[in-house]
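> return atomic coordinates for the entry below.
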Amino acid sequence: MLERIFKLRGNGTSARTELAAGLTTFMTMAYILAVNPNILSAAGIPRGGVFVATAVAAVMGTLLMAFLTNYPFVLAPGMGLNAFLAYGVVLGMGYSWQFALLAVFVEGIVFLALSLTPVRESVFNVIPLSLKKAVAAGIGLFLCLVALHTSGVVVANPATLVDFIDFHSTPFRSQGVCAFFAIVGTLLTGCMLARGMKGAILLGIVATWALGMAAQATGLYVPDPAVGRFSLYPSVTFAGVADSFREFGQTFGAIFNPSSWTHGTGEAVRSGWTLVRSLDFFVVMFAFFFMDLFDTLGTLIGVSIKAGFLDRDGRLPRIKGALCADAVATSVGAALGTSTTTTYMESAAGVAAGGRTGLAAVAAAGLFAIAILLAPVFLAVPAFATAPALVAVGYMMLSSVADIDWSDVGEGIPAFVTLAWMPFTYSISDGIMLGIISYTVINALSGRFRRVHWIMYVLAAVFVAKYALM
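Just a heads-up that it's a prediction; the model follows:
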């Protein structure tokens, strides 16, 4: 039966290899179960509800991907996209989290409509291979920056923009010890990867977390909820699981309550259908639209290159099913109470372990389902313990730059712009859009305009207009 559904022999794999690959992928991206609630709770979304929504969205989206495409790609709420919702739309622009998730829901429906047409597939196919490889590398740098920032290793500095933490002037028992363990955990994870240990990334998370718990036991780490430093001890009780599901009841379907769609404070607050019919909703939805489009395409490019799924023309077979699964998962996830659900670059870890079919994705989905019962454990994992995982994944993604022809300026400079702009602007989508603009302009003005597909000219014009008008 498995052979008939997933065509294992035809893909040169076995059920045992696929199950092991699914476990590997889950272990490398299980950090999202801890990280996503931490990020979205900053926007006021209940942490327990976000945890359950994250796991359920991952299960549903991944199963869709497995049966629509037979690829070993795993989906979950995306990094960067969750930060944009929490820190950009809610905390930065002043919208309620329900309004932000409604925009994600509608954006997913729009994406589904476009995925059923050749539009999204055409955009994927016309992006030059050099930019596709740069996207994979840029995502790696972006993940590394996220890890260093959330763990406190990299801090803001008015003089230098960013800086390495000063252990002498920082209270060591709070932020200092977290940054220290993030560095130690990264070194431990690197050592385990160098020794070829299976599950090295997950083991790195566990080892770093264990160091933190030991520090709390000896008084070296002091919890301070007021500044976001919580106890590192998990509470594995049924009450903890029940609490998560109780909070899930607050997030599930919350986007469909018009009274929760608000913007502003005090007398200046706007709400309800009036707000949704305004230009505000279009602007927010459009922002999610662009970020989701190019985050998804970027990840599909990066993982497919790693897996060898692209054909000689750089196209991905069965991409329409992958895009549809991604779009449906986005809307479902928003209705559940989490940010944009998308294909994960950590799927490359499962591919490296031999995964070649949707059976690996089904295995990962099953583990996400089981993880729902372990909510108290994952909710206790601190950001400094997940930082080594993000750094390790970033290292894996950066390897694609070796295949870029840097001697060709028309290919090299746009590729560099793409991978550099992602961490420097804290946006995967900005990196891709600026990469496309630079590729189009440099090659057109240097007399190699025929190298650029006409769709690239259209995309470049749209992106220039976006930056000019939004």
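> measure the nearest residue to W406 once chain neighbours are set aside to V276 for me?
Closest residue to W406 apart from its sequence neighbours, by C-beta to C-beta, 6 or more residues apart in numbering: G412 at 4.4 Å. (Each C-beta comes from the backbone N, C-alpha and C, glycine too.) Separation of G412 from V276 (C-beta to C-beta, to the nearest Å): 45 Å.
> quick one, helices of the stretch 201-350 of the chain?
238-251, 272-276, 279-307, 319-336, 347-352 (DSSP state H, counting those that start in this stretch).
> from the ones you listed, which stretch is densest packed?
helix 347-352 (a mean of 26; mean count of other C-beta atoms under 10 Å).
> from the chain's centre, how far out does that one sit?
Relative to its parent chain, helix 347-352 has a centroid offset of 15 Å by C-alpha atoms, centre = their mean, to the nearest Å.
> now stretch 197-206
19 Å.
> any buried residues in that stretch, and which?
For stretch 197-206, a neighbour-count test (16 or more other C-beta atoms under 10 Å) marks 199-205 as buried.
> contacting residues around stretch 118-135?
111, 114-115, 293, 297-298, 300-302, 305, 313-316, 319-320, 323, 400-401, 403-405, 408, 411-412, 414-416, 418-419, 428, 431-432, 435-436, 439, 453, 455-456, 459 (C-beta atoms under 8 Å, 6 or more residues apart in numbering).
> can you map out the strands along the stretch 101-250 of the chain?
154-157, 161-164 (DSSP state E, counting those that start in this stretch).
> tell me the mean pLDDT over the last one?
Mean pLDDT, strand 161-164: 85.
> doesn't F73 fall inside a helix?
No. Read with DSSP: H, G, I helix; E, B strand; the rest coil, F73 is coil and lies in no helix.
> what is the neighbour count of it?
31 (other C-beta atoms under 10 Å).
> just the pLDDT for it.
At F73, the pLDDT value in this model is 94.
> mind checking how far it is from L64?
As for F73, its distance to L64 is 10 Å (criterion: C-beta to C-beta).
> which neighbouring elements make contact with the helix or strand hosting A392?
Per DSSP states H and E, A392 falls inside helix 383-398. Applying 3 or more C-beta pairs under 8 Å, 6 or more residues apart in numbering; DSSP states H and E, one finds that helix 383-398 contacts helix 15-29, helix 32-40, helix 129-150, helix 177-194, helix 200-218, helix 347-352.
> output the helices of the stretch 201-350 of the chain as CSV; include the columns distance to A392 and mean pLDDT.
Listed next are the helices of the stretch 201-350 of the chain as CSV, based on distance: least, C-beta to C-beta, whole Å; pLDDT from 0 to 100:
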stretch, distance to A392, mean pLDDT
helix 238-251, 28, 84
helix 272-276, 41, 77
helix 279-307, 14, 76
helix 319-336, 24, 93
helix 347-352, 9, 80
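> for the ones you listed, give me JSON lines that also has distance to S174.
Formatted as JSON lines, the helices of the stretch 201-350 of the chain follow (distance: least, C-beta to C-beta, whole Å):
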{"stretch": "helix 238-251", "distance to S174": "24"}
{"stretch": "helix 272-276", "distance to S174": "39"}
{"stretch": "helix 279-307", "distance to S174": "32"}
{"stretch": "helix 319-336", "distance to S174": "33"}
{"stretch": "helix 347-352", "distance to S174": "32"}
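> how about those, which one is nearest A361?
Closest to A361 of those is helix 347-352 (C-beta to C-beta; 8.0 Å).
> what sits up against the closest one?
Contacts with helix 347-352, where a contact means C-beta under 8 Å, 6+ apart, come from 21-22, 24-25, 27-29, 72-74, 201, 299, 302-303, 306-307, 355, 360, 364, 393, 396-397.
> give me the distance from the helix holding A392 to the chain's centre.
Distance, centroid of helix 383-398 to centroid of chain: 12 Å (C-alpha atoms, centre = their mean).
> now it against helix 177-194, angle please.
For helix 383-398 against helix 177-194, the angle by axes from the mean of the first three to the mean of the last three C-alpha atoms, to 10 degrees is 40 degrees.
> can you give me the neighbour number for K7?
If you count neighbours by other C-beta under 10 Å, K7 ends up with 15.
> can you tell me how far it sits from D295?
K7 is 29 Å from D295, where distance means C-beta to C-beta.
> now D405
25 Å.
> what about the helices of the stretch 201-350 of the chain, which gets the closest to N11?
helix 279-307 (10.6 Å).
> shouldn't V381 be within a helix?
No. Remark: V381 does not belong to a helix; assigned using three-state DSSP, it is coil.
> give the contact list for it.
By C-beta under 8 Å, 6+ apart, the residues touching V381 are 31, 33-34, 205, 209.
> need phi/psi at it.
Main-chain torsions, V381, degrees, to the nearest 10: phi -70, psi 120.
> need the pLDDT of it.
77.
> and if you look at the one 10 residues further on?
The pLDDT attached to V391 in the predicted structure is 86.
> which element follows the helix or strand where T62 lies toward the C-terminus?
T62 belongs to helix 47-69 when elements are defined using DSSP H and E. The C-terminal neighbour of helix 47-69 among helices and strands, as given by DSSP H and E, is strand 75-77.
> what comes into contact with that next one?
Residues from elsewhere that reach strand 75-77, judged by C-beta under 8 Å, 6+ apart: 29, 32, 36, 53-54, 57-58, 61-62, 64-65, 325-326, 329, 333, 338-344, 368.
> can I get the helices and strands packed on helix 383-398 in TSV including distance to S169?
Shown next, in TSV, are these (distance: least, C-beta to C-beta, whole Å):
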stretch	distance to S169
helix 15-29	35
helix 32-40	25
helix 129-150	18
helix 177-194	12
helix 200-218	20
helix 347-352	38
